[in-house]
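[1] could you look at this predicted model? Sequence included:
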Amino acid sequence: MGGPLPPVTLRLANSGDVLQLAKLIELSVGVLQRQDYSELQRAGALGTVFGVDTQLIADGTYYVAVLRVDGRELLAGSGGWSKRKTLFGSDHGPGRTMELLDPTKEAAKIRAFFVHPDWARRGIGTLILNACEQAAREAGFSRFELGATLTGVPMYAARGYLEVERIAVPLNNGESLPVVRMAKTVR
């Protein structure tokens, strides 16, 4: 979409956002990750690796960026942070653990960032990331870690995240999804 970015409002997601979030995630993955992942990888990851994590919403750590366009409220992006050990994945993702992190010893998890393709690369992801880092710092965390998609690596690297390792996440359809574990420490 051309022209200036309409005013963006950032708010915590709520259970009423779940259906819109699912649509946003599917659209974001389908369009923005096309150059980094095959159709089979994207299809296999939707619903497990990529999808809504209602625990983030329940914990009050998941944000939505809302735009007002032609009198309508649109979700332009979403993302959050977690005080739990799960690094990535939806409600149906493998390897989920609800165990709480110790902010004095462990890194907060930056999680589930998705931007609507019409509003990509216009600062929405950064706006959400800044809010997540600030909230996590206020909760006592000084380190952050995330599982970045190949598409997301440049944004996180530009904001001080360093690559820790590359992992291949097995998908239910036999494919695997390359993910880059990244970390950042703040003072």
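    It's in.
[2] where along this protein do the helices fall?
    18-32, 39-45, 54-59, 124-138, 153-158 (DSSP state H).
[3] what does the third one contact?
    Spelled out, that is helix 54-59. The contact list for helix 54-59, computed with Cβ atoms under 8 Å, 6 or more residues apart in numbering, reads 12-15, 17-18, 62, 80, 82-84, 86, 91, 98, 111-112. In this view, the C-beta of every residue, glycine as well, is placed from N, C-alpha and C.
[4] among the residues you listed, which one lies nearest to Arg68?
    Asp17 (15.8 Å; Cβ to Cβ).
[5] report the contact partners of the closest one.
    With Cβ under 8 Å, 6+ apart as the criterion, the residues that contact Asp17 are 57, 64, 75.
[6] scan the residues you listed and report the most crowded one.
    In terms of neighbour count, Val64 stands highest of these at 24 neighbours, by other Cβ atoms under 10 Å.
[7] ok, now how distant is it from Ser38?
    29 Å (Cβ to Cβ, to the nearest Å).
[8] same question, Ala183
    27 Å.
[9] neighbour count: those two, which is higher?
    More neighbours surround Ala183 than the other of Ala183 and Ser38, with 17 against 12 (other Cβ under 10 Å).
[10] contact partners for that one?
    Per Cβ under 8 Å, 6+ apart, neighbours of Ala183: 107, 143-146, 161-162, 164.
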